[in-house]
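Q: no sequence for this one, just the structure:
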């Protein structure tokens, strides 16, 4: 009888490593999750309730009004109110546990909420005198792969927060995924019979919905939420999740490719228009409609010398470089070349810039006031140094991390501005150490404390083991945070606010 070939050592070692890792995960991660409590909470939040319907209606109404007015600040307010995240996450958890009764309830809540939101938006648009496609509406009609990735990472953060009981993070997740605005745009498209707007917004909404639900299911399985299905059905379940994500990624990748192509074409068109005129000319405005057939290019040029053949030359150049038919319309305005004309033009540009800066500052103040829960008059805006400061009111259920997330979100929409959102003096996290150094969570706590300490006019009091307190105080001091050390006791290092005049 032939002897069995010995097992390679590296395979045996790999299996042992994987086994140890799975054992650690089961003890240190899965074992610390109160699954019964999480499931009970998610079941309750997934059902249709008076609160769910009321908040959804208010969110939809605010979203469509913000879109019609093209106000990003109002749209952010709708994101914060939207309760759609609850049934979607519930759908993912139900899929992970194989609970089809729960799945049906979540799907029913989601369907009723979506139809109600669309119907309310259709009604508002139907009676509104404003029915034009604003920039805020147009921004939600062309989803691409980046939108799927945003929904993916946001869903991971949201599912983790719900599993770990850190639901204050959901405020930031709600802003990131932006479920209500695309749903409101679907209602706008239906009310105005605009198929392009309707289909593009629906694809974005469906992408966010499916990605959040499927990602939540994967996160729930990773954290040990068990299914009553057989191993065969569980494998099929996992395969379907992967296939669904790939199916969503394919059209969105193609959309991203089209966006990249249009960006390159825009660069070529701008270059061709400017190339026909001499250095004294200025392109005041240029609009490109890639959806028209042929592509429509409309430009306004201020030039010292008119170019009668400009349209023909630009059309010939662009057809050669783009390889596609175009319709070019150039409106030329002759401007003077004297010193007086130049001075008048310079003054007009300065006045225009001043007005634009004032409008930009007002919009920024409105956006900061909304997220901080104050009035725009409470926001201090320094246009010269491009700095904006606001002190936020306490937001129910919000932690310091939520306020930092809100500041980050607004700052991302305002490049070139330095924003400082001063949070309430909420509880500070503990700073965990291991072998004399902050752990990963300890470093995250230090970063959050440093952010809060830079914005609240009060020192940070640190207490705990002397060497750990010294290390934490040094790290905070390097970031300009005032620290009061009170060594003594055992770790982790506790942090709290001191009195402002300490």
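A: Ah, there it is. Worth saying up front: this structure is predicted, and the values here are computed from it rather than measured.

Q: beyond the helix or strand hosting residue 267, next helix or strand please.
A: Assigned by DSSP states H and E, residue 267 falls within helix 231-276. Following helix 231-276 in sequence order, the next helix or strand is strand 282-289 (DSSP H and E).

Q: output the contacting helices and strands for that next one.
A: helix 231-276, strand 295-303 (3 or more CB pairs under 8 Å, 6 or more residues apart in numbering; DSSP states H and E). Where you see a C-beta, it was placed from the backbone N, CA and C, and this is true even at glycine.

Q: going by mean pLDDT, which of these comes out lowest?
A: Among these, helix 231-276 has the lowest mean pLDDT, at a mean of 67.

Q: OK, contacts around the spatially closest residue to residue 299 that is not a sequence neighbour?
A: Leaving out its chain neighbours, the residue that sits closest to residue 299 by CB to CB, 6 or more residues apart in numbering is residue 286, at 4.3 Å. Residue 286 makes contact with 269-270, 273, 297-300 under the criterion CB atoms under 8 Å, 6 or more residues apart in numbering.

Q: the stretch 301-450 of the chain: helices as residue ranges?
A: For the stretch 301-450 of the chain, helices defined by DSSP state H, counting those that start in this stretch occupy the ranges 310-322, 339-372, 400-412, 440-455.

Q: I'd like these as JSON lines, with mean pLDDT appended.
A: Below are those laid out as JSON lines (pLDDT from 0 to 100):
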{"stretch": "helix 310-322", "mean pLDDT": "81"}
{"stretch": "helix 339-372", "mean pLDDT": "62"}
{"stretch": "helix 400-412", "mean pLDDT": "84"}
{"stretch": "helix 440-455", "mean pLDDT": "89"}
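
Q: any chance of those helices in CSV, with mean neighbour count and distance to residue 64 too?
A: Converted to CSV, the helices of the stretch 301-450 of the chain look like this (neighbours: other CB atoms under 10 Å; distance: least, CB to CB, whole Å):
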stretch, mean neighbour count, distance to residue 64
helix 310-322, 16, 37
helix 339-372, 14, 17
helix 400-412, 20, 21
helix 440-455, 18, 34
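
Q: out of these, which comes closest to residue 422?
A: Of all the helices of the stretch 301-450 of the chain, helix 440-455 sits nearest to residue 422, with 4.5 Å by CB to CB.

Q: orientation of that closest one relative to helix 400-412 in degrees?
A: Inter-element angle recorded for helix 440-455 and helix 400-412: 70 degrees (by axes from the mean of the first three to the mean of the last three CA atoms, to 10 degrees).

Q: what helices and strands are in contact with helix 440-455?
A: Here helix 440-455 is seen to pack against helix 400-412, strand 418-422, helix 466-477 when contacts are counted using 3+ CB pairs under 8 Å, 6+ apart.

Q: make CSV out of the ones you listed and add distance to residue 484.
A: Listed next are the helices and strands packed on helix 440-455 as CSV, based on distance: least, CB to CB, whole Å:
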stretch, distance to residue 484
helix 400-412, 19
strand 418-422, 20
helix 466-477, 9
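
Q: let me know the secondary structure of residue 86.
A: Put simply, residue 86 is helix when judged by DSSP: H, G, I helix; E, B strand; the rest coil.

Q: how much space between it and residue 179?
A: 11 Å (CB to CB, to the nearest Å).

Q: before we move on, which element is residue 110 in?
A: Residue 110 belongs to helix 100-127 when assigned by DSSP H and E.

Q: returning to what we had before: name the residue in residue 86 and residue 179 with the higher neighbour count.
A: residue 179 (27 against 24; other CB atoms under 10 Å).

Q: quick one: buried residues of the helix or strand following the helix holding residue 110?
A: Counting by DSSP H and E, the next helix or strand C-terminal to helix 100-127 is helix 135-138. By neighbour count on 16 or more other CB atoms under 10 Å, the buried set for helix 135-138 is 136-137.

Q: can I get the buried part of the contacts of residue 286 as one ChimeraX selection?
A: Only the buried entries of those go into this ChimeraX selection, using 16+ other CB under 10 Å:
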select :269,273,297,299
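
Q: for residue 465, give me its contacts.
A: Taking CB under 8 Å, 6+ apart, we find residue 465 in contact with 433, 487, 489-491, 493.

Q: can I get these in CSV with neighbour count?
A: Shown next, in CSV, are those (neighbours: other CB atoms under 10 Å):
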residue, neighbour count
433, 19
487, 15
489, 12
490, 7
491, 16
493, 26
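
Q: lowest-scoring secondary structure element of this structure by mean pLDDT?
A: When the helices and strands of the chain are compared on mean pLDDT, DSSP states H and E, helix 170-177 comes out lowest with a mean of 51.

Q: pLDDT averaged over the very next helix or strand once past that helix - what is it?
A: Reading on from helix 170-177 to the C-terminus, the next helix or strand found by DSSP H and E is helix 180-192. When pLDDT is averaged along helix 180-192, the result is 90.

Q: next, the angle from helix 180-192 to helix 100-127.
A: Using the same axes, to 10 degrees: helix 180-192 against helix 100-127 is 50 degrees.

Q: centre of the chain to stretch 127-135, how far?
A: 25 Å (CA atoms, centre = their mean, to the nearest Å).

Q: give me the buried stretch members for it, please.
A: Going by neighbour count (16+ other CB under 10 Å), the buried part of stretch 127-135 is residue 133.

Q: number of residues surrounding the residue nearest to residue 124 when sequence neighbours are not counted?
A: In space, and not counting its chain neighbours, residue 124 is closest to residue 64: 4.9 Å by CB to CB, 6+ apart. By other CB under 10 Å, the residues close to residue 64 number 31.

Q: residue 64 and residue 188 touch, don't they?
A: Yes: contact criterion CB atoms under 8 Å: residue 64 and residue 188 qualify, at 6.7 Å.

Q: and for those two, which residues touch both?
A: Counting by CB under 8 Å, 6+ apart, the shared contacts of residue 64 and residue 188 are 121, 125.

Q: helix, strand or coil: sort out residue 80 for me.
A: Residue 80 - assigned by three-state DSSP - is helix.

Q: and it, what pLDDT?
A: Residue 80 is assigned 76 on the pLDDT scale.

Q: break this structure into its domains for me.
A: Taking automatic domain parsing as the reference, the chain has its domains at 18-228, 260-341, 358-422, 433-497.

Q: chain center to the second one: distance?
A: What it means is domain 260-341. Taking mean C-alpha positions (CA atoms, centre = their mean), domain 260-341 and its chain are 35 Å apart.

Q: ok, the first one next?
A: Relative to the centre of its chain, domain 18-228 is centred 13 Å away, using CA atoms, centre = their mean.

Q: does residue 95 touch residue 215 like I think?
A: No: applying CB under 8 Å, one finds residue 95 not in contact with residue 215, separated by 10.9 Å.

Q: picking up where we left off before, from the domains of the chain, which stretch is densest packed?
A: Scoring these by mean neighbour count under mean count of other CB atoms under 10 Å gives domain 18-228 as the most buried, with a mean of 19.

Q: that older thread, I'd like the helices of the stretch 301-450 of the chain as a markdown table, with distance to residue 71 appended.
A: Compiled in a markdown table, the helices of the stretch 301-450 of the chain are given as follows (distance: least, CB to CB, whole Å):
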| stretch | distance to residue 71 |
| --- | --- |
| helix 310-322 | 36 |
| helix 339-372 | 8 |
| helix 400-412 | 14 |
| helix 440-455 | 26 |
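
Q: among the ones you listed, which is nearest residue 261?
A: Using CB to CB as the measure, helix 310-322 is the one of the helices of the stretch 301-450 of the chain that comes nearest residue 261, at 9.9 Å.
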